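Novice: Structure for this input, please:
(one chain, ligands or ions: 1)
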Amino acid sequence: MKKKITIIIGGGIAAYKSLELIRFLQSENFEIIPVLTKSASNFITSLSISAISKNKVYSDLFDLNDETEMGHIQLSRVSELLVVAPATANLISKFANGIADDLATTLVLATDKKVLLAPSMNVRMWNHPATKENILKLKQFGFELIGPNSGEMACGEFGLGRMAEPIEIKNQILSSLKNKNLSNKKILITSGATIERIDPVRYISNDSSGIQGTSIANALIRKGAEVIFVTGKSTYEKPLGAKIINVESAREMYDAVFKNGPYNVAICAAAVSDWYVDNKNSKKIKKSFLKSPQISLKENPDILSDISKSKNRPELVIGFAAETDDLIKNAKSKLNQKGCDIIVANKIDNKSSVFGNLENKVSIISNDKTVHWPKMSKAEIGEKLSDLIENH
Ligand SMILES: Cc1cc2nc3c(=O)[nH]c(=O)nc-3n(C[C@H](O)[C@H](O)[C@H](O)COP(=O)(O)O)c2cc1C
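Specialist: Below is the predicted model:
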């Protein structure tokens with residue numbers, strides 16, 4: 001049986017190019033399931049799409065015949081991949097905000113498959129802060145993008161906004177479907193911030209949001225890995241499809257990590273407290289005007305170091321370093337001290353620059369080299385790290 005790809009055609013001037021894309025994919029032996037938005041039918045007819053794809057064209061969410069033949073949820077899952085080409089500014093905005101008010105948007109919200117967007121719009125629409133924010137959000141949700149390219153537009157303006165060429169989209173689809181090479185790998189990710197209780201109402205913690213850990217987990221799950229996600233306090237959503245283990249303190253995280261192994265790969269992205277409160281109070285400490293309470297700290301066990309030196313050491317151990325100064329020097333010395341293979345180093349300039357931010361700038365440090373990645377979304381960092389693990 002042929003593998004299926006769903007192509008959602010949005011109401012943009014580049015809609016006609018989707019016909020060529022369908023032909024390219026058919027020549028690669030894919031069956032195409034075409035979906036047309038209402039606006040798209042002003043640019044291209046169902047008849048031509050149906051004739052080229054040799055398939056029924058879906059466009060109405062409330063078409064009862066479709067619902068009995070194949071329900072909209074089933075339709076969102078029958079393909080290997082959903083491709084939106086052209087992805088209009090309107091569709092992008094709806095996807096980013098979870099809107100499901102027609103067939104195309106409902107399919108994208110309901111799917112359990114990867115979604116590839118090929119944006120196409122006027123340069124001002126593309127550069128609008130609303131679109132920029134939507135695109136960042138979608139990358140964070142794990143959507144893949146191709147283009148847009150730069151060039152002359154149908155409206156006579158020039159700039160970024162032209163849809164990628166059908167041949168480029170086809171090549172991206174092929175490589176996207178090929179990348180599922182981690183299906184036999186068990187991967188640990190620690191994420192979020194640990195909490196060390198002082199008393200029942202007070203604790204020591206940090207600003208880690210868990211965004212980076214979740215982004216890495218999402219990328220690895222898309223490549224078929226079995227992900228064990230051990231997470232402390234986090235303000236971000238947990239990765240769908242991972243085994244989630246919620247913990248509070250560093251010692252709980254340590255126990256969960258070693259109880260659920262061994263792993264093929266370990267990624268220690270959590271911000272773990274170096275110390276715990278040795279004289280934790282079982283009752284709320286009352287304010288006294290005579291003296292302030294004394295907090296006594298003891299060192300926590302070191303997850304990264306112990307997993308790197310363990311008997312069942314993973315083939316690859318990746319740690320994270322957040323440093324306020326001497327980033328590379330400190331990260332290199334962490335690499336040596338802990339005995340891990342790679343340190344992902346990021347500089348903490350001020351609180352808002354890394355913690356809770358959707359973007360980051362990191363350096364990848366191993367024994368033989370240091371590579372500086374440009375600033376990018378944490379989703380892209382997750383994607384690149386998953387490629388690095390796949391190629392290891
Ligand atoms: C002639 C014409 C060309 C258009 N081209 C585009 C385009 O290339 N990209 C885009 O985002 N919107 C474009 N629009 C606007 C969309 O058609 C409009 O936002 C519509 O609501 C999109 O619907 P859909 O996203 O459900 O397909 C165009 C409109 C017209 C009238």
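Novice: give me the number of residues near Ile99?
Specialist: 15 (other CB atoms under 10 Å). Quick note: C-beta positions are derived from backbone N, CA and C, even for glycine.
Novice: Show me the helices in the stretch 1-150 of the chain, by range?
Specialist: Assigned by DSSP state H, counting those that start in this stretch, the helices in the stretch 1-150 of the chain fall at 17-27, 46-53, 64-69, 72-75, 89-96, 103-110, 123-127, 129-141.
Novice: can I get these in TSV with mean neighbour count and mean pLDDT?
Specialist: As requested, the helices of the stretch 1-150 of the chain are exported to TSV (neighbours: other CB atoms under 10 Å; pLDDT from 0 to 100):
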stretch	mean neighbour count	mean pLDDT
helix 17-27	20	95
helix 46-53	16	96
helix 64-69	12	60
helix 72-75	16	84
helix 89-96	21	98
helix 103-110	21	95
helix 123-127	16	95
helix 129-141	17	91
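Novice: Buried ones in stretch 326-335, by neighbour count?
Specialist: Across stretch 326-335, burial judged by 16 or more other CB atoms under 10 Å covers 327-328, 330-332, 334-335.
Novice: Give me the contacts around it.
Specialist: By CB atoms under 8 Å, 6 or more residues apart in numbering, the list of residues contacting stretch 326-335 from outside reads 319, 321, 323, 342-343, 345-347, 363, 365-367, 370.
Novice: let's see 10 Å
Specialist: The contact list for stretch 326-335, computed with CB atoms under 10 Å, 6 or more residues apart in numbering, reads 304-305, 308, 319-324, 340-348, 362-367, 370, 372.
Novice: Tell me what Lys4 is bridged to.
Specialist: Glu31 (DSSP bridges).
Novice: Redo the helices of the stretch 1-150 of the chain as a markdown table? Include distance to Tyr254.
Specialist: Converted to a markdown table, the helices of the stretch 1-150 of the chain look like this (distance: least, CB to CB, whole Å):
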| stretch | distance to Tyr254 |
| --- | --- |
| helix 17-27 | 49 |
| helix 46-53 | 54 |
| helix 64-69 | 51 |
| helix 72-75 | 41 |
| helix 89-96 | 38 |
| helix 103-110 | 38 |
| helix 123-127 | 47 |
| helix 129-141 | 29 |
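Novice: Using PDB, write out the CA atom coordinates for stretch 16-24.
Specialist: Provided in PDB are the C-alpha atoms of stretch 16-24 (Å, rounded to 0.1, in the frame of the first residue of the first chain):
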ATOM      1  CA  TYR A  16      -1.600  26.700  -8.200                       C
ATOM      2  CA  LYS A  17       1.900  25.500  -7.300                       C
ATOM      3  CA  SER A  18       0.400  22.700  -5.100                       C
ATOM      4  CA  LEU A  19      -0.600  20.900  -8.300                       C
ATOM      5  CA  GLU A  20       3.100  20.500  -9.200                       C
ATOM      6  CA  LEU A  21       3.900  19.400  -5.600                       C
ATOM      7  CA  ILE A  22       1.200  16.700  -5.900                       C
ATOM      8  CA  ARG A  23       2.800  15.400  -9.100                       C
ATOM      9  CA  PHE A  24       6.300  15.400  -7.600                       C
END
